[in-house]
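In: Starting from these lines, generate the structure:
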Amino acid sequence: MLIIIKPSDKKNHKNSVDWLLKECKKRQIEPELYLTTGKFENDCADIALLAKNQTQVVVIGGDGTLHLAVNALMTSRCSIALIPAGTGNDFARGFACKQQAWYDAVFNSRTELIDVGQINQRYFINVAGIGFDAEVVTKLNKAGSFSSFGYTWQGIKQLFSFRARSLQGEFNGKALNYSNLATIFANHHYFGGGLKIAPRAKLNDGQLDCYCMPAGGLLKNLLSFLYLLLVKHHSLHALEYTRLTTAEITTKGLAIEADGELVGFTPAKVKIHKQALRFHVP
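Out: As a prediction, the model looks like this:
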C-alpha cells in the first residue's frame with residue numbers, strides 16, 4: 001500500500017493519518033509513505049515510480065492531492081482510495097457520506113471503475129473549467145484558501161473586474177462562438193468548495209456534463225452567478241448544456257483549471273476516458 005499525504009497541521013488531517021497508520025499496523029501491512037512537495041511534475045514522476053510495486057494507493061488530502069494521484073496513476077493498475085482531508089473536498093462531497101465511510105472504503109474490496117476526464121495533457125477526476133472559474137481558482141490558490149464562502153466572495157469580487165473574451169470551439173461536433181463567462185466540463189457534481197454545478201453528472205457513463213455560460217453585462221453575470229449558487233442555472237435561457245465525449249477550444253490565452261488547480265491556457269482539447277480508474281467507493 002502506497003499512502004500519498006499532503007503535509008498539513010490541520011487536526012482532521014492528522015487524525016486521518018494516525019488512524020490509517022494504526023489500521024495498517026493492526027492488519028500487519030507495511031505501507032510506503034510519500035509526502036507531496038508541491039512540485040507537480042516531480043511528485044507525479046515519483047508517485048508513478050513507487051506505484052509500480054503496489055496494488056493500492058491511499059490519498060490523504062483534498063482535490064489537489066487527488067488530482068496529482070490520478071495524473072500519476074493513469075497508466076498503473078493500482079486502485080485508489082481517498083480519505084478527504086482538504087479544504088474544498090469537492091470530489092468527495094459528491095458521494096454525500098460521512099468520514100467513517102471513507103475510512104471503511106480503504107480496506108473494503110468493493111471498487112468501481114470510474115471515468116476520468118482529460119484537458120490537454122492533464123487528467124481530471126472532478127471538474128475542469130475555462131474562463132471566469134479558472135480566474136477565481138487562481139486568486140484563491142494565491143490566498144491559500146478554498147471554501148464555499150471563499151469561492152462565492154472571490155467570485156463576486158471578480159465579476160466586478162471580469163472582462164469576458166470570445167470563445168470559439170467545437171463541442172461534440174457542434175461549433176460554438178460566444179462571449180465566455182465560464183465553460184465547465186464536469187465528471188462529478190461539485191466544484192468551488194461546495195457549489196453543485198453538475199447535478200446530473202455520473203462517474204461511470206462515459207460522458208462529461210458541459211456547461212457553456214455566456215457573459216453579458218455586470219448585472220447579467222451577477223444573475224448567472226446567483227443562479228449557480230442556488231443550483232438554478234439549468235433554467236438560464238442562455239446556458240448551453242450538453243453531455244459530450246470530446247470538445248476542442250481554439251481560442252488562445254484563456255485560463256484553464258482542473259480539480260481546483262490552474263493547469264494552463266487554451267487552446268485545449270477535452271475528452272473522457274471511460275471507466276479508466278479503479279476507485280474504492282464509500
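In: Report the contact partners of residue 112.
Out: Contact analysis of residue 112 by CB atoms under 8 Å, 6 or more residues apart in numbering lists 203, 204, 278, 279, 281. (Each C-beta comes from the backbone N, C-alpha and C, glycine too.)
In: Please apply the same query to residue 191.
Out: With CB under 8 Å, 6+ apart, residue 191 has these contacts: 90, 126, 127, 129, 133, 184, 197, 260.
In: And for the strand or helix carrying residue 100, what's in contact with it?
Out: In the assignment (DSSP states H and E), residue 100 maps to helix 99-106. Contact with helix 99-106 is made by 12, 16, 19-20, 23, 58, 81-84, 92, 95, 280-282, as judged by CB under 8 Å, 6+ apart.
In: now, among those residues, which is nearest to residue 179?
Out: Nearest to residue 179 among the contacts of helix 99-106: residue 92, at 33.8 Å, using CB to CB.
In: So the closest one lies in a strand, does it not?
Out: No - assessed with DSSP: H, G, I helix; E, B strand; the rest coil, residue 92 is helix; it does not lie in a strand.
In: ok, now how distant is it from residue 265?
Out: 28 Å (CB to CB, to the nearest Å).
In: Between the two, tell me which one has more neighbours.
Out: It is residue 92, of residue 92 and residue 265, that has more neighbours when counted by other CB atoms under 10 Å, with 24 against 15.
In: That one and residue 84 touch, don't they?
Out: Yes - using CB atoms under 8 Å, residue 92 is in contact with residue 84, at 3.8 Å.
In: Enumerate every residue touching residue 139.
Out: Applying CB under 8 Å, 6+ apart, we find residue 139 in contact with 154, 158.
In: can I get the CA coordinates of the lengthiest helix in the chain in CSV?
Out: For the chain, the helix that runs over the most residues, judged by DSSP state H, is helix 11-26. Provided in CSV are the C-alpha atoms of helix 11-26 (Å, rounded to 0.1, in the frame of the first residue of the first chain):
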residue,chain,number,x,y,z
LYS,A,11,-6.4,18.4,13.2
ASN,A,12,-8.7,16.3,10.9
HIS,A,13,-5.7,15.7,8.6
LYS,A,14,-3.5,14.5,11.4
ASN,A,15,-6.3,12.3,12.8
SER,A,16,-6.7,10.6,9.4
VAL,A,17,-3.0,9.9,9.1
ASP,A,18,-2.9,8.5,12.6
TRP,A,19,-5.9,6.3,12.0
LEU,A,20,-4.6,4.8,8.8
LEU,A,21,-1.2,4.0,10.2
LYS,A,22,-2.7,2.3,13.2
GLU,A,23,-5.0,0.3,11.0
CYS,A,24,-2.1,-0.8,8.8
LYS,A,25,-0.2,-1.9,11.9
LYS,A,26,-3.2,-3.8,13.2
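In: Quick check: buried residues in it?
Out: Buried positions in helix 11-26, judged by neighbour count with 16 or more other CB atoms under 10 Å: 13, 16, 17, 20, 24.
In: I'd assumed residue 86 was in contact with the second one.
Out: Think residue 16. No - using CB under 8 Å, residue 16 makes no contact with residue 86, being 10.7 Å away.
In: what's the neighbour count on residue 75?
Out: Counted with other CB under 10 Å, residue 75 comes out at 9.
In: how close does it get to residue 37?
Out: Taking CB to CB as the measure, residue 75 and residue 37 are separated by 21 Å.
In: now the helices for the chain?
Out: 11-26, 40-51, 63-73, 90-93, 99-106, 132-143, 148-161, 218-229.
In: looking at the protein, which helix or strand does the model trust least?
Out: The weakest-scoring helix or strand in the chain, judged by mean pLDDT, DSSP states H and E, is helix 148-161 (a mean of 70).
In: Please report how far the closest residue to residue 198 other than its chain neighbours lies from residue 125.
Out: Using CB to CB, 6 or more residues apart in numbering and skipping the chain neighbours, the partner closest in space to residue 198 is residue 186 (3.4 Å). Distance, residue 186 to residue 125, by CB to CB: 11 Å.
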